[in-house]
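[1] Mind looking at a prediction? Sequence and model below.
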Amino acid sequence: MNKIDNAYLWDKLTSKFGQDIAQLHDGYDLLTVDVHVDAIISVLTFLKQDEELQFIHLTDITAVHYPLQEKAFEIVYHVNSLINNIRIRVKVRLDGIHPEIPTATTIWKGANWMERETYDFYGIQFLGHPDLRRILNVDDMEVFPMRKEYPLEDPNRVDKKDLYFGR
């Protein structure tokens, strides 16, 4: 068996998914691809179930919030092929109004807690998730603390006034 590298992996993905996938970069020997939200389950399923690739280990699911962009949220999946000693980062961009994406729990059972954490901090709705509720924050919390929707500092704090710092 030949060693699978990022170029081969990219060629295999584009031949299978075409316009639904785009390469972002290949820094630090980590292929990063952008996938259309409608194709994410197909791409992740292919990565896991392809007999040659065998990306069986879901390392992490998280999100990033870019509040000034139309597609304000980016869901990030890190997946490893332990057999081939290669990893891939898969990103999906979502709109900021109603960020929702299909659940990956149908592919990896371990995605359950990762998606709950991402929901808890970013408010991303994972459609079809078996138990999407808060996991780290209190149940009655009404905000999502990792969203960049709030000022970094309280403008009413007197100890942060410029006059105290000679400005």
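    Yep, it's here. Please read these numbers as outputs of a predicted model, since none were measured by experiment. Residues are numbered from 1 along each chain as shown.

[2] Run the chain-centre distance for stretch 48-56.
    20 Å (C-alpha atoms, centre = their mean, to the nearest Å).

[3] Could you give me the buried positions within that stretch?
    Within stretch 48-56, the residues that qualify as buried by neighbour count (16 or more other C-beta atoms under 10 Å) are 48, 53-55. Glycine gets a C-beta too; all of them are placed from N, C-alpha and C.

[4] now swap in stretch 18-36 and tell me
    For stretch 18-36, by 16+ other C-beta under 10 Å, it's 20-21, 31-33, 35.

[5] which residues of the protein score low on pLDDT?
    1-2, 152-155, 158, 160-167 (pLDDT under 70).

[6] show me where it has helices.
    Ranges of helices in the chain, per DSSP state H, are 6-17, 40-49, 111-122.

[7] hang on, the earlier thing: can you list the buried residues of stretch 48-56 in a markdown table and add distance to D131?
    Below are the buried residues of stretch 48-56 laid out as a markdown table (distance: C-beta to C-beta, whole Å):
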| residue | distance to D131 |
| --- | --- |
| K48 | 22 |
| L53 | 29 |
| Q54 | 28 |
| F55 | 25 |
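
[8] quick check, nearest of those to A111?
    Proximity of the buried residues of stretch 48-56 to A111 (C-beta to C-beta) peaks at K48, which lies at 11.1 Å.

[9] That closest one contacts I41, correct?
    No. Contact criterion C-beta atoms under 8 Å: K48 and I41 do not qualify, at 10.7 Å.

[10] and for the two, which residues touch both?
    I107 (C-beta atoms under 8 Å, 6 or more residues apart in numbering).

[11] Spatially central residue for this protein, please.
    V76 (1.9 Å; C-alpha atoms, centre = their mean).

[12] residues contacting that residue?
    60-64, 89-91.
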